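> Predicted model, plus sequence, below.
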Amino acid sequence: MKTAGWIFVVIGALAFLGAASKGDSVFGPLFWIGIGIVLLYLKREREENNKEETIAETTTPKNTETLEDEEEKLEVIDVWSNPPVTFEQKEAALCLIAFFAGYNDDIMANDAAYKIASQSAIYFGMRDYEWALTTALPKYQDADKLIDTVLTIKDKDSKEFILLTCYDLTKMSGKSEAYEFLYNIANEMGYNRDKLKNLVDQFIRITI
């Protein structure tokens, strides 16, 4: 994962320079740079989690859970996170949100951005964010295919979750290009700037 992350970053950076010098769109290169940074962060998180698990196993007794407890936990997750979208749409949404997380220059040091992005896996019923993202990425090397797949999502709650999550990540980065990209996607989803602003304001009022 670490090697793949650096490859994406390097290729994205080279492509960005080439596109910028020719006056072409830099969306594709920015997408892969963002994905590369996310992969590097995920690799670091996995290594740290493995260390913590090793320490926990040597210092505390293992907890045994009954089959009934496991079934209860599965039931809660299935009921809470089962939006009416296809598996391909879920994967595309995961990749799009990871892309917006990549707008934060140093996501490897930005735990908040990672935590916000990883909530998308929970919402869409995918237990392991790292596994889900790394499995989905090879399927969406074409940025247009990724966006087109996300735009096929019709479920209102899922669309608004994606927009609100991307908005939070965009707000954290403060990048004007991220805002413009988000506004374009939102508009394609049927949310112009005013409607998106109303959605964000409504969400803020509910959560406060």
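Happy to help now that I have it.

> hey, where'd the helices end up in this protein?
For the chain, the helices defined by DSSP state H occupy 2-22, 27-59, 67-80, 87-101, 111-123, 129-136, 143-151, 156-173, 176-188, 193-207.

> least reliable of these going by mean pLDDT?
If you rank those by mean pLDDT, helix 67-80 sits at the bottom with a mean of 42.

> ok, the nearest residue to A186 once chain neighbours are set aside - how many residues close by?
Excluding the flanking residues, the one nearest A186 by CB to CB, 6 or more residues apart in numbering is L196, at 4.7 Å. Bear in mind the C-beta positions are built from the backbone N, C-alpha and C, glycine included. Neighbour count for L196, taken as other CB atoms under 10 Å: 20.

> who touches L196 in this structure?
163, 167, 182-183, 186 (CB atoms under 8 Å, 6 or more residues apart in numbering).

> quick one: E188 and D148 touch, right?
No - using CB atoms under 8 Å, E188 is not in contact with D148, being 9.5 Å away.

> What are the buried residues along stretch 91-105?
By 16 or more other CB atoms under 10 Å, the buried positions in stretch 91-105 come out as 91-104.

> Enumerate every residue touching L96.
146-147, 150, 162, 166, 185.

> Neighbour count and distance to S120 added to these, as a markdown table?
Shown next, in a markdown table, are these (neighbours: other CB atoms under 10 Å; distance: CB to CB, whole Å):
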| residue | neighbour count | distance to S120 |
| --- | --- | --- |
| L146 | 21 | 14 |
| I147 | 20 | 16 |
| V150 | 24 | 12 |
| I162 | 26 | 8 |
| C166 | 25 | 10 |
| I185 | 19 | 15 |
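
> Could you let me know which of those ends up closest to A178?
Closest approach between the contacts of L96 and A178, by CB to CB: C166, at 8.5 Å.

> Contact partners for the closest one?
96-97, 100, 182, 185.

> Likewise for Q89?
So Q89 contacts 149-150, 152-153, 158 (CB under 8 Å, 6+ apart).

> Can you tell me which of these has the most neighbours?
Ranking the contacts of Q89 using other CB under 10 Å puts V150 first, with 24 neighbours.

> What sits closest to that one if chain neighbours are left out?
Per CB to CB, 6+ apart, closest to V150 is A92, 4.9 Å.

> just checking, the one you found touches T149?
Yes - with contact defined as CB under 8 Å, A92 counts as touching T149 (3.8 Å).

> Please enumerate the shared neighbours of those two.
Y140.
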